[in-house]
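Visitor: one predicted model, sequence on top.
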Amino acid sequence: MPSDASRAFSAIDVPFAYARSWRGSVEKPGLMLALDSGGTAAGMAFRLPSGAVAEEISLLWPREMAVGSYAARWLRAKCVEGDIRVLAFVANKRAANYVTGLSEAESARMIVNASGFLGTNLEYLLRTSASLSEHGIKDALVERLVRLCGDPAACAGPSTPFLPIPL
């Protein structure tokens, strides 16, 4: 495995609402996947050249931290070179748009009905699934959501009601 893309994260992927834009709207919020505490997950860790860290973080930080959906955390990860520390952007459970407890069917309904200025929420899920697959990473939840989103019967019925998300 190349040293600049080593596998590992120490958290699980869970959906959480990303309310007003990006891949959803206030009326029909979409769901984004985020690392959350409570388990392990396979992922990618990118090693930055020491001379590029400040510049890369200055680009990454505003994008990931703009609306308070994430908290930056140093996590331990295992990779082929051994244990490393990684900077991860994990779900901020104190954020107004953090959602937990949705059924997979409710999540699928939200995903297929949501779109924002960056595109549809379904496109986001499908691209995430394809990227994981390209890197040999299996995520059972993502795979189940992709199947559910492609099943009209599973996505039938009213969209999940409006979530009270402060503006």
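Guide: Everything's here; your move. Numbering: from 1, shown residues only.
Visitor: any weak-confidence spans in this structure?
Guide: 1-21, 154-167 (pLDDT under 70).
Visitor: most centrally placed residue in it?
Guide: residue 33 (2.4 Å; C-alpha atoms, centre = their mean).
Visitor: can I assume it sits in a strand?
Guide: Yes - with DSSP: H, G, I helix; E, B strand; the rest coil as the criterion, residue 33 is located in a strand.
Visitor: switch to numbering from 2
Guide: Sure thing, new numbering starts at 2, so read that last one as residue 34.
Visitor: that one is in contact with residue 143, isn't it?
Guide: Yes - using C-beta atoms under 8 Å, residue 34 is in contact with residue 143, at 7.0 Å. For every residue, glycine as well, the C-beta is placed using N, CA and C.
Visitor: contacts only, for the residue located most distally from the centre of the chain.
Guide: Relative to the centre of the chain, the most outlying C-alpha is that of residue 52, 28.2 Å out, by C-alpha atoms, centre = their mean. Residue 52 makes contact with no residue under the criterion C-beta atoms under 8 Å, 6 or more residues apart in numbering.
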